[in-house]
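Asks: need coordinates for the following:
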Amino acid sequence: MSERLDQWMDRYVLAWSSNDEDHIRELFTADAVYDPQTADGEWEGIDEIVQRWQEINDSEENWDFQWLPLVETDDLAVVTGKTNYFEPPTSFRNLWVIRFAGDRCYDFTEWYIEEDSG
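Replies: Next up, the predicted model:
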């Protein structure tokens, strides 16, 4: 795993924890596209990314996240992850495709599926 990916993922988790606008902006280029693969469609540009991210507003004490790189090239990373929410207890498997311009992401796509708790 490259230092760039490790640092970017650390910054992503920090932004997820803090929901701080500056932390979110540090992750993405101004014209980035964030595609959560939902019916609401892509988030286009850093201003929409910040707005939509902050609307979700996950409490930092309500989740845990582990991740591993699957593929990494000069400008692309594919990451698998697992998110556990404590209340209500829910777990998701994650797959992220991250396209880089330097140390920032210009195209982010995520897929997630809820794990069966039974």
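
Asks: for R93, what are its contacts?
Replies: The contact partners of R93, by Cβ atoms under 8 Å, 6 or more residues apart in numbering, come to T80, G81, K82, Y112, I113, E115. (Glycine included, C-beta is placed from N, CA and C.)

Asks: ok, 6 Å please
Replies: Contacts for R93 (Cβ atoms under 6 Å, 6 or more residues apart in numbering) come out as K82, I113.

Asks: surely D10 forms part of a helix?
Replies: Yes: D10: assigned to a helix according to DSSP: H, G, I helix; E, B strand; the rest coil.

Asks: these two touch, right, F100 and D74?
Replies: No: F100 is not in contact with D74 according to Cβ atoms under 6 Å; the separation is 8.0 Å.

Asks: looking at those two, which one has more neighbours?
Replies: Using other Cβ atoms under 10 Å as the criterion, F100 and D74 rank with F100 on top: 21 against 7.

Asks: now the more buried one: how far from T38?
Replies: Separation of F100 from T38 (Cβ to Cβ, to the nearest Å): 23 Å.

Asks: now swap in I46 and tell me
Replies: The gap separating I46 from T38 is 19 Å, by Cβ to Cβ.

Asks: ditto for W67
Replies: For W67, the distance to T38 (Cβ to Cβ) stands at 20 Å.

Asks: between the two, which is the more surrounded one?
Replies: Between W67 and T38, counted using other Cβ under 10 Å, W67 has the larger neighbour count: 16 against 9.

Asks: what's across from that one in the sheet?
Replies: G81 (DSSP bridges).

Asks: correct me if wrong: it contacts V79.
Replies: Yes: contact criterion Cβ under 6 Å: W67 and V79 qualify, at 5.3 Å.

Asks: which non-adjacent residue is nearest D75?
Replies: F100 (4.9 Å; Cβ to Cβ, 6 or more residues apart in numbering).
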